[in-house]
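Peer 1: my questions concern the predicted model and sequence given below.
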Amino acid sequence: MQQTWLQTLGMAMIILALICLVLGRTIPRISPEVSALLLQTGTENLTRMIEELGVRSACVYLPSSLTQGKPQALIPLHTNPALPRITTPLPRRLIVRYGSHPDDVGLLVSTLGSAAISLLDSVPGDTPAEMESALTRLLSGTLGVADGTRVTYHENRIEVEIRNPRFQDDAGWCQQCLGGPMASMVATIVAEARDKPVTIKHEERRGDKCLIELEVLA
C-alpha cells in the first residue's frame, strides 16, 4: 500500500465510481423506444382526426401568452384567404373560437415543439444570435438530431437553416397543416421568443440542410 502507483489507481477508481453514480441518475426513466411509441401514437391519432375533418389549412403557432399555458398550434377548420389574427388569449380547449366570424373556429393542439421547448433552460431572447444559440442547444446538444443551425432575420420573415438534420419527415396529411418535426420545433421556439403568432411559409430539404422560412404575424 506504500506504492504510489497503487494509490493513484485507487484514487482513479473512486473518481470513476462517482462519475458512474452521477451518470446513472441522469438516465431517463422512459427508454427511447417507449418515447418513440408514444410519439408515433400521438401523431397517428392527430393525423386521423385532421383527415376525418378534411382540414387542409396551415396552422398558426401561438406563444404561451395566447394559450393560457404552454405554446400550442391553432389549426383553422375552414380555409380563409387571410391567416387568423389572434390578439387575446384562447380558452384551454380542443375546439376554440378565435374570431367574431361564424367560420372562425379551429383546433388548438399541442405539437412536438410544445414538448421540446420545455427542454430549454429559458426562453431565448428576440435576436438572431440568441435564437440561433437556443436552437443549436436544443437540436444539437439536447436532442442530437442536427449538427447546427443558422438564423437570419428579414423584418417579419425568419429563415432558419439546419445542418445535417437526422429527423425523418413523414409527408402526410398532418404535415400539411403542422409542418415537419423540425419546422414545428423551430416555429414554437420562435413564437415563444417573439411572443407573437408564427406560421410556416416554406420548408424543404436541400442536400444535407433543412431550410425553414417562417412569418411572424402582427
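Peer 2: Done, it's in.
Peer 1: give me the mean pLDDT for the helix or strand where Arg48 lies.
Peer 2: Here Arg48 sits within helix 32-53, counting by DSSP states H and E. Helix 32-53 carries an average pLDDT of 67.
Peer 1: cool, stretch 141-148 as well?
Peer 2: pLDDT averaged over stretch 141-148 gives 86.
Peer 1: how distant is it from the center of its chain?
Peer 2: When distances are taken as CA atoms, centre = their mean, to the nearest Å, stretch 141-148 is centred 13 Å away from the chain's centroid.
Peer 1: list the buried residues in it.
Peer 2: With burial defined by 16 or more other CB atoms under 10 Å, the residues of stretch 141-148 counted as buried are Val145, Ala146. Every C-beta, even on glycine, is put in place using the N, C-alpha and C of the backbone.
Peer 1: what comes into contact with it?
Peer 2: 116, 119, 136, 139-140, 162-167, 182, 210 (CB atoms under 8 Å, 6 or more residues apart in numbering).
Peer 1: could you rerun that using 10 Å?
Peer 2: Outside stretch 141-148, the residues within contact range by CB atoms under 10 Å, 6 or more residues apart in numbering are 116, 119-121, 132, 135-140, 161-168, 181-182, 185, 208-210.
Peer 1: ChimeraX command to pick out the buried ones of those residues?
Peer 2: In ChimeraX, this line selects whichever of the contacts of stretch 141-148 come out buried by 16+ other CB under 10 Å:
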select :116,120,132,135,136,137,138,139,140,162,163,165,181,182,185,210
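Peer 1: okay, and which of the contacts of stretch 141-148 map to strands?
Peer 2: Glu161, Ile162, Arg163, Lys209, Cys210 (DSSP state E).
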